[in-house]
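> the amino acid sequence is not available; the structure is as follows:
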């Protein structure tokens, strides 16, 4: 069976010498197309490091990471950036929304940076916002939205690039219980539509 994402015997060490931190040790994981994988563990157990390595934001110290059969360890920084933009949709724990941009501008920005025309990027951004149930809030700024709505904007931004896998770093950790339901509903909808998620 083909795998979208495969980590083979991955170790990640942060820093060096006596202050080195072993974040991942000999980790192997495969994610198949359309699969929803939840990585659980206590704070400091390496969940964010795992997602950073899987999405090419960080490099494994040893082992290999294959994203749709591309070995991330062999890619240049420029090639890695292209893989991140075009294949791995990343939803950060702190969202990374730009407060001076509207929802549609936040979602369109990665596409525009990738060379997509503004009109095409904005159309795709509007479609992605509609997909997560925020089509009517496209012109709102982040501080005019609830935490759950901001999280859905971040999901739309990742979704707009038509990724092969979406990586979520604790997507509900900072949300109130009712907002958690909003975000989980979107994630379940995407999973039911066949999106691969971790």
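Okay, I see it. Just so it is clear, the structure is predicted and the values come from calculations on it, not from any experiment.
> for the protein, what helix or strand is lowest in average pLDDT?
When the helices and strands of the chain are scored by mean pLDDT, DSSP states H and E, helix 177-192 comes last with a mean of 82.
> list the contacts of residue 182.
148, 149, 151, 152 (CB atoms under 8 Å, 6 or more residues apart in numbering). No exception for glycine: its C-beta is placed from N, CA and C like everyone else's.
> these two touch, right, the last one and residue 133?
Yes. Look at residue 152 against residue 133 with CB atoms under 8 Å: they come within range, at 6.7 Å.
> who touches both of the two?
Each of residue 186 lies in contact with both residue 152 and residue 133 under the rule CB under 8 Å, 6+ apart.
> looking at the two, which has the bigger crowd around it?
Between residue 152 and residue 133, residue 152 has the larger neighbour count (other CB atoms under 10 Å), namely 29 against 15.
> what sits against the more buried one?
Here residue 152 is in contact with 132, 133, 134, 182, 183, 186 (CB under 8 Å, 6+ apart).
> could you do residue 8 as well?
Taking CB under 8 Å, 6+ apart, one finds 28, 63, 64, 65, 66 in contact with residue 8.
> my guess is residue 166 contacts residue 197. True?
Yes. Residue 166 is within contact range of residue 197, at 4.8 Å (criterion: CB under 8 Å).
> could you list the low-pLDDT ranges of the protein?
Along the chain, segments meeting pLDDT under 70 span 1.
> now the strands for this protein?
For the chain, applying DSSP state E gives strands covering 5-14, 21-31, 62-67, 70-71, 88-91, 165-168.
> relative to residue 48, which of those strands is closest?
Among these, strand 21-31 comes nearest to residue 48, with 8.7 Å by CB to CB.
> hey, where'd the helices end up in the chain?
47-54, 77-86, 103-113, 118-131, 147-160, 177-192 (DSSP state H).
> report the angle between the axes of the longest one and helix 147-160?
Between the axes of helix 177-192 and helix 147-160, defined by axes from the mean of the first three to the mean of the last three CA atoms, to 10 degrees, the angle is 20 degrees.
> what's the answer for the fourth one, then?
On the basis of the same axes, to 10 degrees, helix 118-131 is oriented at 130 degrees to helix 147-160.
> about what we covered before: who wins for neighbours among the contacts of residue 182?
Most neighbours among these, by other CB under 10 Å: residue 152, with 29 neighbours.
> now that one: closest residue in space that isn't a chain neighbour?
residue 132 (4.3 Å; CB to CB, 6 or more residues apart in numbering).
> OK, contacts around the one you found?
Residue 132 makes contact with 152, 153, 155, 156, 159, 186, according to CB under 8 Å, 6+ apart.
> one more time with 7 Å, if that's ok
Applying CB atoms under 7 Å, 6 or more residues apart in numbering to residue 132 gives the contacts 152, 155, 156, 186.
> about what we covered before: return the closest of the contacts of residue 8 with respect to residue 141.
residue 65 (36.0 Å).
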